[in-house]
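> predicted model follows, preceded by the sequence.
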Amino acid sequence: MFRAAVGDVKKLPPYHRVEHPKPPCVPFRARHPAPLALPDVLSDLSASEVPSEFLRNGYSRQKLRKLRRTLAIQDHLDLHGYLSDAARKQLQQFLHDALHQGLRCVLVIHGKGLNSRDGEAVLKLRTRHWLMQHPAVLAYCDAPLNEGGSGAVWVLLRASARAVDAF
């Protein structure tokens, strides 16, 4: 019945196939060599309340909306388990590397401070305070629940490192 329904069938010659070109190899982008020691100019002193979102002066609220809705995370840093001084240095190095790699949107995971003494989220407050001080950071906001919620922030960086190379 099948042969009667289909009728005569001719095989296509093999040369009618379309050869798709292989995608080009993306060269490995080496990390920009960091100076021997990045200047440590971020202050630990802050008020007890740090905002859950930040937008640098002179930028429209559209930047925050764009950060929340359309930008894709290009890299991340997890600060769980670091003491304050080590976390600050890791954050500075991470932001330096991200800038020189041309990244625009990164995720910084600082935790919620649930296991800290007195239940105070020290690293959360300090990380957000450091981000507000850093000249490369244009904006930050809480990450969505599936990426850490209030224990992480999405950070929008400047487009070029030239603006902050003097930093």
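Arrived safely.
> C-alpha only now, for contacts and for neighbours.
Will do.
> next, count neighbours for Lys124.
The local packing of Lys124 (other C-alpha atoms under 10 Å) involves 21 other residues.
> packing partners for whichever strand or helix holds it?
Remark: Lys124 resides in helix 122-133, with elements defined by DSSP states H and E. With contacts defined as 3 or more C-alpha pairs under 8 Å, 6 or more residues apart in numbering; DSSP states H and E, the packing partners of helix 122-133 are helix 84-100.
> the helix or strand following the helix it packs on packs against which elements?
Using DSSP H and E, the helix or strand that directly follows helix 84-100 along the chain is strand 105-109. The helices and strands touching strand 105-109, judged by 3+ C-alpha pairs under 8 Å, 6+ apart, are strand 75-78, strand 152-157.
> how about a cut-off of 10 Å?
Under the contact definition 3 or more C-alpha pairs under 10 Å, 6 or more residues apart in numbering; DSSP states H and E, strand 105-109 sits against strand 75-78, helix 84-100, helix 122-133, strand 137-142, strand 152-157.
> who touches that strand?
67, 71-80, 91, 94-95, 98-99, 123-124, 127-128, 131, 137, 139-143, 147-159 (C-alpha atoms under 10 Å, 6 or more residues apart in numbering).
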